[in-house]
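**Student:** Could you look at this predicted model? Sequence included:
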Amino acid sequence: MRANSRVAYLYILPGFLVFALFVLVPLGHTAWLSLYDWDGITLGTWTGLDNYTEQLADPDVRTAFSHSMVFLFFFAALPIGLGLVLASVLSRFRLRGLGFFRTVIFLPQVVTAVVVGIAWRWMYADEGTVNQLLSAVGLDGLARAWLGDFTWALPALGLVGTWVMSGLCMVLFLAGISKIDASLYEAARVDGAGPVREFFAVTLPGLKQEMAVGLTLTTIAALRSFDLVYVTTGGGPGNATNVPGFEIYKLAFRQGAVGEACAVAVMLTVLIFTVVLLITRLLREKL
Amino acid sequence: MNARFERLGAYTFLCLFALAVLLPLFSILSVALQPQGAPVTGLSWPDDPQWGNFARAWTTGSFGDLITSSMIVAVVVVPVATVLSVMTGYAFGTMRFRGSTPLFYVMLIGIVMPYEATVVPLYYDLRQFGLTDNYLGLMLPEIGLSVSFGTFWMRAFFLSTPRALIEAARMDGANSFTVLFRILLPVARPAVTTLMVLFFVWSWNEFLLSLVLLQDPAVRTAPAGLGLFVGQRTTDVAGLSAGALIVTVPVVLVYLFLQRHVIRGMLQGAVKG
């Protein structure tokens, strides 16, 4: 047994070492730096929890976190709802060519976020496709430079998240439904259940596992979002699309407020871990 | 008659969804084919598509160099992370040793953790060792993060292989190394392939780490270079769009050829973003 343990440690050692040095240590270092006032150049001074109280009171940081909540709706709630409806409708038929559609619909998951950002910048541009489509249906009045608009920039970005995550949710739920015992559906039909009753009585309970996975993936994507914001709006106009991930980058690498950046990073990390833990507790029996 | 009608409705749904997915990508293409200096316009196929924009982006736009950098990083990260993950997953999945459970949970941290939480000290620490603006400085954190997921993934696979297979080999006097190479790895091929495909996609698409850690244009990777071009408010939107498509091609090709692996990995692998 003892010798066996040593062998196991030897197998783990190289992987764990890289992980520890380049993930764990920096994570701890972030927490440590968050307790200092440091501009990245001169000697830092210990400030305890000042960075946290300061950042929690800072309106910019608060808006950034509130934007995360808006993103939760667009990146998580909307795609999951859409995915559920589509998957349950589609699973009622034996559709030819479903494989092709699955390939296309899952595609946004693979495309680099930077490219997604550029594509949507063009879509939302003054003369872009979105405005073009609006005027084609006679809604010229609504046309605007979407990403430069204080009210509309945030939901417009959110919809990009919906675009990225919906396909994933649909494919996930389709796979889940195909694993549900067909006799459950037959039983529901014998009992005279319509499509809606069937959805709530059979499909939804059968998708518990997939729900957990889908919720975890989408909420993490929503809370972590950085790439998209960096490429499309840079947090603007003003502060209208700022998110915690971008705030951390801005504080650390543009304003030289390293301690403050680390404090926000710790808050974001705690938030993400809490949410993931909650989802796991509520929906998933085992990891 | 009714059923046929419903089926038609389902297809309409699917087609609309697929169109919505393809529209933004198509709109990049239509911008990429406009003459240099033209403003962004919506969907309009140019009268005289400028396919030369792609060549221009590749050479003068330096997308050739960016792609090379991304390739160098991926070519190291993918195999190294895979080998390390197979080893850790093998230990966690088939061996009993003290501290295995807490150690495993510690390694899971990397799956959920946002990169934003490590990138700041990484920049300052790696700079001290002269590892910023150096491929190694990006490769190592990427490997660390990948191993976190890879451990989770390979452990799950090794747990699902029949114990009897391993026991029988051990009875024949095979050591742990032989068991892994002769018995387990041959059956693990699909799981390992999935892992490698995912590692490639993640490495190729990694943005924040690359943006911060590799600021020297000579080593910059494709997404970061692209991101910086956008930031400069360039007027050459056609060239930029062509570059964006060039950056997308390798990962989309991998996806098209190995999509079973990509989809399976991303769905079963649960939490990684």
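**Tutor:** All right, it came through fine. Numbers count the residues shown, from 1 in each chain, chains lettered A, B, ... in the order given.

**Student:** So, low pLDDT: which residues of the stretch 1-150 of chain B?
**Tutor:** B:1 (pLDDT under 70).

**Student:** Can you give me the buried ones in stretch A:206-223?
**Tutor:** Across stretch A:206-223, burial judged by 16 or more other CB atoms under 10 Å in any protein chain shown covers A:206-207, A:209-223. Every C-beta, even on glycine, is put in place using the N, C-alpha and C of the backbone.

**Student:** Return the distance of that stretch from the chain's centre.
**Tutor:** 10 Å (CA atoms, centre = their mean, to the nearest Å).

**Student:** Of the buried residues of stretch A:206-223, which belong to helices?
**Tutor:** Here DSSP state H is the test, and the buried residues of stretch A:206-223 give A:206, A:209-223 as lying in helices.

**Student:** The closest residue to B:Ala174 other than its chain neighbours in helix, strand or coil?
**Tutor:** Leaving aside its chain neighbours, B:Ala174 sits nearest to B:Arg182 (7.0 Å; criterion: CB to CB, 6 or more residues apart in numbering or on different chains). Here B:Arg182 is helix, with the state taken from DSSP: H, G, I helix; E, B strand; the rest coil.

**Student:** in chain A, which helix or strand is least confident?
**Tutor:** Every helix and strand of chain A was ranked by mean pLDDT, DSSP states H and E. The lowest is helix A:195-198, at a mean of 85.

**Student:** helix or strand for residue 5, which one?
**Tutor:** This is for chain A. Using DSSP states H and E, A:Ser5 maps to helix A:2-19.

**Student:** other chain: chain B
**Tutor:** Using DSSP H and E, B:Phe5 falls within helix B:2-32.

**Student:** and if you look at B:Phe158?
**Tutor:** Remark: B:Phe158 resides in helix B:135-160, with elements defined by DSSP H and E.

**Student:** just the angle between that helix and helix A:2-19, please?
**Tutor:** With axes from the mean of the first three to the mean of the last three CA atoms, to 10 degrees as the basis, helix B:135-160 and helix A:2-19 are set at 140 degrees to each other.

**Student:** Distance from helix B:135-160 to the middle of the chain?
**Tutor:** 12 Å.

**Student:** what's in contact with the helix or strand following it?
**Tutor:** Moving toward the C-terminus from helix B:135-160, the next helix or strand (DSSP H and E) is helix B:163-171. Helix B:163-171 is contacted from outside by B:94, B:178-179, B:182-184, using CB atoms under 8 Å, 6 or more residues apart in numbering or on different chains.

**Student:** let's see it at 10 Å
**Tutor:** By CB atoms under 10 Å, 6 or more residues apart in numbering or on different chains, the residues outside helix B:163-171 that reach it are B:94-95, B:158, B:162, B:174-176, B:178-180, B:182-184, B:187.

**Student:** Can you tell me which of the residues you listed lies closest to chain A?
**Tutor:** Minimum distance to chain A across these is 4.1 Å, recorded for B:Met95 (CB to the nearest CB).

**Student:** so who does that closest one touch?
**Tutor:** B:Met95 touches A:4-5, A:7-9, A:11-12, B:158, B:166, B:176, counting by CB under 10 Å, 6+ apart.

**Student:** Mark which of the residues you listed are buried, thanks.
**Tutor:** Among the contacts of B:Met95, those classed as buried by 16+ other CB under 10 Å are A:5, A:8-9, A:11-12, B:158, B:166, B:176.

**Student:** Report the separation between B:Leu258 and chain A.
**Tutor:** Using CB to the nearest CB, to the nearest Å, one gets 11 Å for the distance from B:Leu258 to chain A.

**Student:** Backbone dihedrals for that residue, both of them.
**Tutor:** Torsion angles at B:Leu258 (phi, psi; degrees, to the nearest 10) stand at phi -120, psi 40.

**Student:** Now the nearest residue to it once chain neighbours are set aside: which helix or strand?
**Tutor:** Counting by CB to CB, 6+ apart, B:Val197 is the residue found nearest to B:Leu258 once chain neighbours are left out, at 5.0 Å. Element membership for B:Val197, per DSSP H and E: helix B:185-205.

**Student:** by contact count, what packs against that helix?
**Tutor:** If you count contacts as 3 or more CB pairs under 10 Å, 6 or more residues apart in numbering or on different chains; DSSP states H and E, helix B:185-205 packs onto helix A:113-124, helix B:63-94, helix B:135-160, helix B:222-231, helix B:237-257, helix B:259-268.

**Student:** can you do 6 Å?
**Tutor:** With contacts taken as 3 or more CB pairs under 6 Å, 6 or more residues apart in numbering or on different chains; DSSP states H and E, helix B:185-205 sits against helix B:63-94, helix B:135-160, helix B:259-268.

**Student:** Check which element follows that helix along the chain.
**Tutor:** The C-terminal neighbour of helix B:185-205 among helices and strands, as given by DSSP H and E, is helix B:208-213.

**Student:** can you pull the buried residues of that following helix?
**Tutor:** Residues B:208-213 are the ones in helix B:208-213 that count as buried (16+ other CB under 10 Å).
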